[in-house]
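Novice: All I have is the shape, not the residue letters:
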């Protein structure tokens, strides 16, 4: 059974606590989008998702995807096509798409919340519009005016969908190894030949056309990553099939209603996007958007797993309360919510899911500021924060999301392991998030190897300044002490480790590689403590419904979750330890 | 693809390092079982498992179990029946069964290693003999002579199989709520009526008969756990079907080739085992054996996942080494084993799997001493250690096993998420181990609420004495310093927390409940540091093949895994925090 109500009240609270009106709605681009408008839009989205997507979630998992080896056609499960059309009819695919191309022109946070609701309701389904949105971003940033005018309106409406064709059998993480060839033609187009794998919604029956964004090499391209260009390769051109087709599907642990395609191109017609050999720039626009959304998948599935486990717990009676006063004399056993460990598990899931959603909100606000603020310095600072925090939310959001779903399953005991409660599907569906869009360790390397040293450490300095400013703002407020003290402590440890890493890592890059994943988690926990403290400050300074509950939840996070920083600091401290001294035969 | 070779050399090393010859083979019961004999038996087991069980693992997952609603018959996947017969033909089900009833009479460690190999090869399949073995133990301890003579030979050979019928729809963890009724008959037998759920191999086509051990209430039984009796309810009596049948199957995330049955009894004939109303004693014999084996499932599937990930890693080339000297000039990319994080993940899995196997060995040695040593005091001390460490290996073994398989999947990237590499099946198959045979939190409550206070804390004192003795024995040996220092530190923290918990928990039982799961993990990590140190001492004092590698692996554990104790100490320190102050509506 599916238990889900979109957390709309929570979303409204976050818009307020993270100063959406002052920081985003105040920007010219978003003046029409006040909180009430966003609420109304989210409510519509939520109703449609509940009615159209949620009931197809288990069906999709069971039925899976059909592929016809003769034609290469891919058929999505029963009901998906109609749900897709309903989304188009309600204009839900284009909420953040630019108004000039038919989109709603909404703020990033609307897209994030929309995507959370859609993912919680049906992750497989929502991956299709997710990729399309990424393609829209990439074309907006690097497409020609002609390309924008031709492709964006149909992508934004959802009539056409998008893909990202990066991986090949010999190259996943290491895109420098791409072999797909693009040969220039007299008419300015290109002929592409090669095989791409892991292509999400590479072929399907939901949209009229599929627009592939393909990494390939020009004949004279330099080797490696500096010789990669990006091309648009449509499935259909002027009503004719292009020479790109699906030659197989992957069989996966989860997201079984999302086709993961092998795509073969044999002189397929394509069109260059952006500058030759600078294709990674275009792809990174798409990938960065995707990374933020992948982090949010952990929030979405963590949320629905939490709601399911809570529904189970509220219903289930088993054993007696340890406190005789809480025992229910009218029943043979007490409700399991009396048991401390059941509460502990639920609180772990709830307080980390809330914290991650708060972090997503924080990033989304900065995202819009970075793109629309009039002051370049403000834009730059906001952009720094988005760049710094994107790998963190992608990696920690997916890792914690997976752990949270497993913990929610544990609350349900044996029932959680059966298909009756669907948590097992959420767990399977979420696991891929730690792998795709750059494995979590790639995020850690991006953080340590790129984002930290970038601009002489300015990104990290910007973040530290925000933390310091927040701590200063909380001064002398006793109610905030349970937040400020642990935040200070974590932040101090993070800073110390960062300096040490900068020193050690410069000498020996393997040390940086060996500790990067632990370092990212240390950073993530500190960031979550930071966004909890922002909320606590807001609650203490304003009238907030459920304010006391929120403060308790935040304190739980600070007491029970945050202390993992102590472990991470120790593990980072031992550097590369013996890791590199093992010969291959010793493994 | 399945990659697995039973870790026979590792097993031999553990037998030596944990003094199997001196402590177990020296017991009269096991004098025939020298290390060479065990090696030969394990090699046979390994060959058969490799040939018969491993190839059926994926098949079993895909084909699953068939249930006929008309007859209640349950059909196992193609090939299972023949594999079962091969096991019987080779006498592999009875390795630890007593010789007087046709078993081989081998030591517990043989059973543990046998079960690891069988579980790694095919977890679903191996659950059937696993339950039978538990039933054998229970009948040995509490059956009448007549019952032993009648049932044991056929259970030990495998001609008949066993089940454990505890759970009912309204009672899982809380067995006091059992409602199944047993009415005494004039001939000394009983008629049982009730419904049992989650019955593993409750019905199947592998054995000629199925012997159910059923919890039920006599008409005059006191309420709750003190009114539960245990009954044998055979599927077949004198060639006739008894009134117990399978009325449905659960649909699960994993172990899909293991039937999880709903069993209905309608005046089924049963026979009392042991004393009326003292049925939990019998069930606990079965359950304790099962708990040790469930912990070992995490070792088994962690091991096969590791071997699979290592095979993948050895083959895969991607990106360049961070150390220019390690770059392979003859290839486009380096083997991924050059990357520190790939190594870190593999070492996490390897060093914790090894440590858990060492802990299992330690417990198995004590188990035989507890049952067969001539000196009562020695037996008692050994029994204390088994009782104390059983919940630890069940809980931590299953939790870490699940994490380890997920980490092995991460090494393989996207490939790990597909069904091509089987890790996804191991992950699904392992997840239930955290739930069944008492959820992991039940283990934690058993540790904190029963084992610690038992006999005025004697169990813990016994363990502490062993740690102190080991540390003293390592004194002045510089090579052991990297083990002794962190072990001392962890053990000191564990002791301090234990005292604090004893004081706080006595005042407020909810505090003990709130921190029990973290406390168990703190205890587990300390125990794993202890068994690593035992091995290190053995290596330093003896000639050991791969001794240097083993020491490096142990140091990795001490540097990178053990420091989690710091987190756990903090989390325990904050007690029940706000956990109990949330109203139900606040969740």
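Specialist: That came through, no problem. Being a predicted model, the structure only gives us computed values, none of them experimental.

Novice: Helix or strand next in line after the stretch of helix or strand residue A:47 belongs to, which one?
Specialist: Following DSSP states H and E, one finds residue A:47 within helix A:35-48. Where DSSP H and E defines the elements, the next helix or strand beyond helix A:35-48 is helix A:56-63.

Novice: Chain B contacts on the stretch 401-550 of chain A?
Specialist: Residues of the stretch 401-550 of chain A lying close to chain B (CB under 8 Å from any CB of the partner chain) are A:402, A:406, A:409-410, A:413-414, A:416-420, A:424, A:427-428, A:431-432, A:434-436, A:439-441, A:444-445, A:509-514, A:516-517, A:546, A:549. C-beta coordinates here come from the backbone N, C-alpha and C atoms, glycine included.

Novice: Go through the helix holding residue A:47 and flag the buried ones.
Specialist: By neighbour count with 16 or more other CB atoms under 10 Å in any protein chain shown, helix A:35-48 contains the buried residues A:38, A:41-42, A:45-46, A:48.

Novice: mind checking how far it is from the chain centre?
Specialist: Its chain's C-alpha centre and that of helix A:35-48 lie 21 Å apart, by CA atoms, centre = their mean, to the nearest Å.

Novice: which residues touch that helix?
Specialist: A:5-6, A:8, A:11-12, A:15-16, A:20-21, A:25, A:86-87, A:90, A:92, A:95, A:104, A:106-107, A:109-110, A:113-114, A:117-118 (CB atoms under 8 Å, 6 or more residues apart in numbering or on different chains).

Novice: which of the residues you listed are buried?
Specialist: Looks like the contacts of helix A:35-48 have A:6, A:8, A:11-12, A:15, A:20, A:25, A:87, A:92, A:95, A:104, A:106-107, A:109-110, A:113-114, A:117-118 buried, using 16+ other CB under 10 Å.

Novice: Out of those, which sit inside helices?
Specialist: A:8, A:11-12, A:15, A:20, A:87, A:109-110, A:113-114, A:117-118 (DSSP state H).

Novice: Now render the residues you listed as JSON lines, adding distance to residue A:304 and pLDDT.
Specialist: As requested, those are exported to JSON lines (distance: CB to CB, whole Å; pLDDT from 0 to 100):
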{"residue": "A:8", "distance to residue A:304": "14", "pLDDT": "98"}
{"residue": "A:11", "distance to residue A:304": "15", "pLDDT": "98"}
{"residue": "A:12", "distance to residue A:304": "19", "pLDDT": "98"}
{"residue": "A:15", "distance to residue A:304": "21", "pLDDT": "98"}
{"residue": "A:20", "distance to residue A:304": "24", "pLDDT": "98"}
{"residue": "A:87", "distance to residue A:304": "19", "pLDDT": "95"}
{"residue": "A:109", "distance to residue A:304": "20", "pLDDT": "97"}
{"residue": "A:110", "distance to residue A:304": "20", "pLDDT": "97"}
{"residue": "A:113", "distance to residue A:304": "15", "pLDDT": "98"}
{"residue": "A:114", "distance to residue A:304": "15", "pLDDT": "96"}
{"residue": "A:117", "distance to residue A:304": "10", "pLDDT": "98"}
{"residue": "A:118", "distance to residue A:304": "12", "pLDDT": "97"}
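
Novice: which two in those residues are spaced the farthest apart?
Specialist: Among those, the pair separated by the greatest distance (CB to CB) is A:20 and A:87, at 24.8 Å.

Novice: Kindly list the longest strand within chain A.
Specialist: strand A:260-273 (DSSP state E).

Novice: And that one, what's buried?
Specialist: In terms of neighbour count (16+ other CB under 10 Å), strand A:260-273 has its buried residues at A:260-265, A:268-273.

Novice: dump the residue contacts of the closest residue to residue A:445 other than its chain neighbours.
Specialist: Nearest non-adjacent residue to residue A:445, counting by CB to CB, 6 or more residues apart in numbering or on different chains: residue A:516, 5.5 Å away. Contact partners of residue A:516, counting by CB under 8 Å, 6+ apart, are A:441, A:444-445, A:447-449, B:341.

Novice: So for residue A:516, what's the pLDDT?
Specialist: Confidence at residue A:516, expressed as pLDDT, is 97.

Novice: Against residue A:320, how distant is it?
Specialist: 47 Å (CB to CB, to the nearest Å).

Novice: Next: residue A:234.
Specialist: Noted for residue A:234: a distance of 65 Å to residue A:320, by CB to CB.

Novice: Residue A:486 against residue A:558, yeah?
Specialist: Yes. At 4.6 Å, residue A:486 counts as touching residue A:558 under the criterion of CB atoms under 8 Å.

Novice: Give the residues shared as contacts by the two.
Specialist: Jointly contacting residue A:486 and residue A:558 under the rule CB under 8 Å, 6+ apart are residue A:529.

Novice: Domain map for chain A?
Specialist: The record's domain split for chain A, according to automatic domain parsing, is A:8-160, A:162-278, A:474-587.

Novice: where's the shortest one relative to the chain centroid, distance-wise?
Specialist: Yep, that's domain A:474-587 we're talking about. The mean C-alpha position of domain A:474-587 is separated from the chain mean by 20 Å, CA atoms, centre = their mean.

Novice: end to end, how far does that domain reach?
Specialist: 50 Å (CA to CA, to the nearest Å).

Novice: What of stretch A:233-240?
Specialist: 13 Å.

Novice: Any buried residues in that stretch, and which?
Specialist: A:233-235.

Novice: which residues are contacting that stretch?
Specialist: A:165, A:192, A:203, A:208-214, A:241-242, A:244, A:265, A:268-271.

Novice: for stretch A:409-417, same thing?
Specialist: Residues contacting stretch A:409-417 (CB under 8 Å, 6+ apart): A:305, A:308-309, A:312-313, A:336, A:342, A:345-346, A:408, A:421, A:423-424, A:427, B:167, B:172-173, B:198, B:250, B:252-254, B:431-432, B:434-436, B:439-441.

Novice: can we see that at 6 Å?
Specialist: Identification of contacts with stretch A:409-417 by CB atoms under 6 Å, 6 or more residues apart in numbering or on different chains yields A:309, A:312-313, A:342, A:345, A:421, A:423, B:172, B:198, B:252-253, B:432, B:435, B:439.

Novice: which residue does the stretch 1-150 of chain A bring closest to chain B?
Specialist: residue A:62 (9.9 Å; CB to the nearest CB).

Novice: distance of that residue from residue A:350?
Specialist: 29 Å.

Novice: Compare those two and say which is more crowded by neighbours.
Specialist: residue A:350 (25 against 13; other CB atoms under 10 Å in any protein chain shown).

Novice: How about the more buried one: what's its closest non-neighbour residue?
Specialist: That would be residue A:306: by CB to CB, 6+ apart, it lies 5.8 Å from residue A:350.

Novice: that's a strand at the one you found, yeah?
Specialist: No. Counting by DSSP: H, G, I helix; E, B strand; the rest coil, residue A:306 is not found in a strand; it is helix.

Novice: Would you check that it makes contact with residue A:349?
Specialist: Yes. Applying CB atoms under 6 Å as the test, residue A:306 and residue A:349 come out as touching, 4.7 Å apart.

Novice: which residues are common contacts for these two?
Specialist: Common neighbours of residue A:306 and residue A:349 (CB under 6 Å, 6+ apart) are residue A:408.

Novice: same question for stretch A:448-461, mean pLDDT?
Specialist: Rounded mean pLDDT across stretch A:448-461 is 94.

Novice: what residue ranges in the stretch 251-400 of chain A score low on pLDDT?
Specialist: The model of the stretch 251-400 of chain A has no residue with pLDDT under 70.
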